[in-house]
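> Output the structure for:
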Amino acid sequence: MAGHSKWAQIKRKKGATDAKRGNLFTKLARAIQVAAREGGGDPAGNAALANAIQKAKEARMPKDNIERAIAKGTGTDSSAEQIEEVVYEGYGPGGVAILVEALTDNRNRTGSEVRHAFTKAGGSLGEPGSVAWNFEKKGLVLVDADRYSEDDLMPAIDAGAEDVAIDDDVYEVIAEPSDLTAVREALEQAGVEINASELTMRASNRVPVDEGHVAALMRLIDTLEDHDDVAAVHANYDVDAAVLERVLA
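Residues are numbered from 1 along each chain as shown. Now for the predicted structure:
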């Protein structure tokens with residue numbers, strides 16, 4: 001796992017997150033809309049919706065916007081645009097498997113632009129199923145390992161977390177998607193400050209990446225994440241945290 005969560009941590013410290021981009025609320029609203037359409041409008045029984053709402057609240061998205069997105073997803077708002085979820089699979093520099101989750105109203109446009117991003121970076125877009133086998137949906141909570149010990153995270157295990165791993169100075173608390181909300185709330189009630197929590201596609205096997213490929217790989221990931229229609233990017237790279245620090249310096 002070396003460097004994987006560290007990349008997210010470094011970007012947050014540098015302010016290079018969606019919060020700096022004007023399309024944040026659009027992405028959040030689309031995620032809420034699709035989650036509500038596929039699993040219903042009650043977050044108590046819909047882990048994906050609960051996660052999307054939590055992200056929206058963390059970004060200070062207005063309550064009205066959240067409720068409007070849920071209404072569009074459940075069909076009570078007849079003016080809703082047709083947003084569909086599309087997953088793209090490919091390989092980036094260094095042979096890294098990349099899974100791209102997109103929410104789009106124009107599948108052809110988004111597919112063409114995602115393919116262009118891969119090609120420009122020296123990677124390639126693959127066929128459906130080419131890399132998805134290497135990823136499994138999990139709930140993920142990130143906690144600062146410099147501030148807390150593993151013992152501090154025991155409430156997460158009691159709440160249903162499967163495992164606690166460490167990636168450089170970041171603890172990764174892993175849970176089933178349906179247990180993510182309970183795990184996050186257990187940590188918060190125990191006084192543990194959470195850096196981030198989300199549903200993610202976690203790779204079962206990781207690929208060590210030579211330093212010469214790291215900059216190009218991270219540029220590709222950033223390009224994909226910056227795309228208006230891209231909701232999430234998952235990759236199975238294994239890069240030393242010190243290398244990531246140099247790349248972002």
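
> got a list of contacts for whichever strand or helix holds residue 118?
Here residue 118 sits within helix 107-120, counting by DSSP states H and E. Outside helix 107-120, the residues that touch it by C-beta atoms under 8 Å, 6 or more residues apart in numbering are 84, 86, 88, 90-92, 98, 100, 102, 104, 124-125, 220, 223-224, 227, 229-230. All C-beta spots, glycine's among them, are computed from the backbone N, C-alpha and C.

> helix or strand right after it?
strand 124-125.

> Mind giving me the ChimeraX select for the contacts of helix 107-120, buried ones only?
Remark: buried members of the contacts of helix 107-120, expressed as a ChimeraX selection using 16 or more other C-beta atoms under 10 Å:
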select :86,88,90,91,92,98,100,102,104,125,220,223,224,227,229,230
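
> In helices only, show me the contacts of helix 107-120.
Judged by DSSP state H, the subset of the contacts of helix 107-120 located in helices is 220, 223, 224.

> In this structure the first one contacts residue 93, no?
The reference is to residue 220. Yes. Counting by C-beta atoms under 8 Å, residue 220 touches residue 93, with 6.8 Å between them.

> coming back round to it: need the ones in helices among the contacts of helix 107-120 in JSON lines with pLDDT, can you?
Below are the ones in helices among the contacts of helix 107-120 laid out as JSON lines (pLDDT from 0 to 100):
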{"residue": "220", "pLDDT": "94"}
{"residue": "223", "pLDDT": "92"}
{"residue": "224", "pLDDT": "94"}
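
> could you dump these to TSV with distance to residue 175?
Shown next, in TSV, are the ones in helices among the contacts of helix 107-120 (distance: C-beta to C-beta, whole Å):
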residue	distance to residue 175
220	29
223	30
224	26
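
> quick check, residue 165 in a strand?
Yes. Assessed with DSSP: H, G, I helix; E, B strand; the rest coil, residue 165 lies in a strand.

> For it, grab the count of nearby residues.
11 (other C-beta atoms under 10 Å).
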